[in-house]
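S.K.: build me a model:
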Amino acid sequence: MASGKLSDRVYEYILDQLIAGAFPVNSRIPTELELAGRLSVSRPVVRDALQRLREEGLLASRQGSGTVVLKRPDSAIASFAPISSIADIQRCFAFRYALEGEAAALAARQHDPGAIRRLANALAALQAAGTEGRAAEAEDFDFHYAIADATGNHFFTSTLIAIREQIAAGIHINRGLTLIRPRRERLLTVQKEHDAIYKAVAAGDEAKARQAMQRHIENARRRVFEGAE
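M.R.: Numbers count the residues shown, from 1 in each chain. Next up is the predicted model:
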């Protein structure tokens, strides 16, 4: 089995243990050597999985304490996506960070009035769905698609369509957790992020549009692993 696949298995095992509460917040997880023995893999494979979990803000290395748990993901995550797919969802967010950041900047540069109107309509539909308490998964994707469409470059829209399933999975988790654990402040934050993207694109500000989109994508990625209450 390839090292990457082994690393995925270790990643999934640790994530599953975090979600289940087997490794409590602020506790030290087993050492690389212990995990390697438990899962019958090499230490470099374990190290790679741990690094990914550190980058996602779930674990941290502390001198004298080893690797400790910073955050326990909400157990409801498991009801929205299998643990095995979480890694790909996170990779999709990383890809979208680059792709959609540039799409927003290009959309601002193009500044086509018709595209701006379509984007405004997509934003209004997204906000209306949120106000009505609906998951708004389709509306969320439609907003991002409208940004890609506003670039005037069909490769952006084609790429979003190609990864729509992965994008939808991330949206499904984010929106689903918000509805299950009502957090008005969180919902308002997401709405403000979309509004900031729209305003920057409509103003023709490439730098702000890129920044607003990348901030939203990164925050969305982090919200997937928002700590359990």
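S.K.: hang on, Y13 in a helix?
M.R.: Yes: when classified by DSSP: H, G, I helix; E, B strand; the rest coil, Y13 is found to be part of a helix.
S.K.: for it, give its distance to I29.
M.R.: Using C-beta to C-beta, to the nearest Å, Y13 is found at 11 Å from I29. Heads up, the C-betas are built off the backbone N, CA and C, glycines and all.
S.K.: who has more neighbours out of the two?
M.R.: Each of Y13 and I29 has its neighbours counted (other C-beta atoms under 10 Å); I29 has more, 20 against 17.
S.K.: helix, strand or coil for V25?
M.R.: At V25, secondary structure determined by three-state DSSP is coil.
S.K.: correct me, but it touches L59?
M.R.: No: under the criterion of C-beta atoms under 8 Å, V25 lies out of contact with L59, with a separation of 10.7 Å.
S.K.: quick one: which of these two has more around it?
M.R.: Neighbour totals were compared for V25 and L59, and L59 leads with 22 against 14 (other C-beta under 10 Å).
S.K.: tell me how many other residues crowd the residue lying closest to that one once chain neighbours are set aside.
M.R.: Counting by C-beta to C-beta, 6 or more residues apart in numbering, the nearest residue to L59 once its immediate chain neighbours are dropped is L53, at 4.5 Å. By other C-beta under 10 Å, 22 other residues sit near L53.
S.K.: tell me the pLDDT at L53?
M.R.: Each residue has a pLDDT score; the one for L53 is 91.
S.K.: likewise S3?
M.R.: According to the per-residue confidence, S3 scores 49 in pLDDT.
S.K.: all numbers from here: first residue = 248
M.R.: Yes, from this point I'll number from 248; that puts the last item at S250.
S.K.: all helices of the protein, in order?
M.R.: 250-267, 279-286, 290-302, 324-327, 330-357, 360-378, 384-397, 401-409, 411-427, 431-449, 453-471 (DSSP state H).
S.K.: average pLDDT for the longest one?
M.R.: This predicted structure assigns helix 330-357 an average pLDDT of 88.
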